[in-house]
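Peer 1: Let me see the structure of the following:
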Amino acid sequence: MAKDLPTASQIREWHKTLSNWGRWGPDDELGTMNLITPEKRLQALGLVEKGDTVTLARPVVAEPSADGPIPPQLYMVESGEGWDSTPGKKDLVAHNASEYVGYIYHGFVMTHVDALSHWFDGDKMYNGHSADAVRTKGGATKESIDLLKNGVVTRGVLMDIADLKGVPYMNEGEAVFPEDLDAAESKYNVKVQAGDLMLIRTGNWERRQAEGPKHPMLPGNGASGLHAACLPWIKERDIAMLGGDLAQDVIPSGYAEFNLPVHQVILTAMGCWILDNCNLEDLHKKCKSEGRWEFLVVVCPLRMANGTGSPVNPIAIF
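Peer 2: Next up, the predicted model:
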C-alpha cells in the first residue's frame, strides 16, 4: 500500500495543480483529445501486425440487475412471429423486423464514454465553462460527445493489474496505487505515453461474472479501482483517455468528501475523457497470447448532438 496517501485537502488542491484549464486556449472543449495528433494516430496504426480485432465492450442486456436497476429497453415494433411461411404462400405486404431501443448508459453496467460535460466542479466544468451550458432542455451545449464525431484512434495500453497481482480479479474495495502502475509498466515492458488511451484492468467484469452483479455504491459493496493517489501519475503521463472495467475509482474511495475523486479530477480539471465499464477479459487474453500490452484502439461514440456521453463498442486491433 502507498505510504503517503493524499488528504482531502490535497485532492481539492489537485483540481488546480493538475489542471489543464487554458492549456489549449480559453475556449477549448476537447481537453486531452488535443494530444491525439495525426502523428499519434500514425504511431498507433504502426502497431497493427495481424489485423486481429478484440472488443472492449460488455454486452447490452435488456434485463434489470443489482448494478443496473433501470435496464436498457428493447421493444419489437415489428417481428417475424405469426406470419405464414407455408411453401407457395407469400404475404401481399413486404415484411421486416425492427425495434425500439432506449437506455440510460451512465452508471455501472453499459460500456460508455463520458464527455467532459458529464461532471461538474461546483458550477464549472472543464476549462471554466459554466455548468449552465448543460441544459435540462437541449442537453450539453458545450463539451458534448459530438466533439468526438471523427472517432478516437490512438495507442492503447493495458495496465493489467489483476494479472500483475496473480489473481483472476481484485477484491471489492481493493485499490490500485502509483507503485502498481510503475510495476505494470516494468513487468509488461510498456510505457504509458502522451495521447494514449490507458486501460486499467482490475477484474471487475470477471468478478461480476463469478459472483453476480452488485451495486458498488451500496453499503457493504464496493469495487476495485484507482486510488486518488494515482492522479499525479496520470497527469504526468498526459494520457488522452482513461478506461477501465468499471468507473475507474476504487469504491469506497476512502474520502467522505469525494465518492469518485479520480472521475472528478480527471474530467473537470484535466479535461481527460473517460471510458467506463469495459470488458477487458478478452483483451487480457489477447495481450497474454501476443506477449504485448500495446495496440491500436478505436473508439467511435454515437454522433449524439448535445450528449454528455455515449454507449460504445471500442475495438483493439493487433
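
Peer 1: For the chain, which segments are assigned as helices?
Peer 2: Secondary structure of the chain (DSSP state H): helices located at 8-17, 38-45, 161-164, 178-187, 204-211, 231-237, 261-264, 281-290.

Peer 1: what about Ala62, neighbour count?
Peer 2: Neighbour count of Ala62, defined by other Cβ atoms under 10 Å: 13. Yep, even glycine has a C-beta here, placed from its N, CA and C like the rest.

Peer 1: cool, Glu257 as well?
Peer 2: The number of residues packed around Glu257, counting by other Cβ under 10 Å, is 11.

Peer 1: likewise Thr17?
Peer 2: Residues within reach of Thr17, counting by other Cβ under 10 Å, total 11.

Peer 1: quick one, strands of the stretch 101-250 of the chain?
Peer 2: 112-114, 134-135, 139-140, 152-160, 175-176, 197-201, 225-226, 241-244 (DSSP state E, counting those that start in this stretch).

Peer 1: now the chain, which segments are flagged as low pLDDT?
Peer 2: Low-confidence segments of the chain, defined by pLDDT under 70, span residues 1-3, 83-94.

Peer 1: ok, back up a step: mind putting the helices of the chain into a markdown table with distance to Trp24?
Peer 2: Formatted as a markdown table, those follow (distance: least, Cβ to Cβ, whole Å):
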| stretch | distance to Trp24 |
| --- | --- |
| helix 8-17 | 17 |
| helix 38-45 | 15 |
| helix 161-164 | 31 |
| helix 178-187 | 26 |
| helix 204-211 | 32 |
| helix 231-237 | 15 |
| helix 261-264 | 21 |
| helix 281-290 | 30 |
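
Peer 1: and of those, who's closest to Gly244?
Peer 2: helix 204-211 (7.7 Å; Cβ to Cβ).

Peer 1: The closest one to helix 281-290, inter-axis angle?
Peer 2: On the basis of axes from the mean of the first three to the mean of the last three Cα atoms, to 10 degrees, helix 204-211 is oriented at 110 degrees to helix 281-290.

Peer 1: Contacts only, for the residue sitting nearest the centre point of the chain.
Peer 2: The centroid of the chain falls nearest to Leu275 when counting by Cα atoms, centre = their mean (1.3 Å). By Cβ atoms under 8 Å, 6 or more residues apart in numbering, the residues touching Leu275 are 56, 111-114, 197, 199, 241-244, 299, 312, 314.

Peer 1: returning to what we had before: mean neighbour count and distance to Thr32 added to the strands of the stretch 101-250 of the chain, as CSV?
Peer 2: Below are those laid out as CSV (neighbours: other Cβ atoms under 10 Å; distance: least, Cβ to Cβ, whole Å):
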stretch, mean neighbour count, distance to Thr32
strand 112-114, 26, 13
strand 134-135, 16, 20
strand 139-140, 21, 18
strand 152-160, 25, 10
strand 175-176, 26, 20
strand 197-201, 27, 10
strand 225-226, 29, 16
strand 241-244, 28, 7
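
Peer 1: Nearest to Leu47 among those would be which one?
Peer 2: For the strands of the stretch 101-250 of the chain, proximity to Leu47 was assessed by Cβ to Cβ; strand 152-160 is nearest, at 6.6 Å.

Peer 1: which residues make contact with the closest one from outside it?
Peer 2: Contacts of strand 152-160 (Cβ under 8 Å, 6+ apart): 33, 36, 40-41, 43-45, 47, 181, 184-185, 188, 190, 192-193, 195-201, 240-241, 273, 280, 283-284, 287, 293-300, 316.
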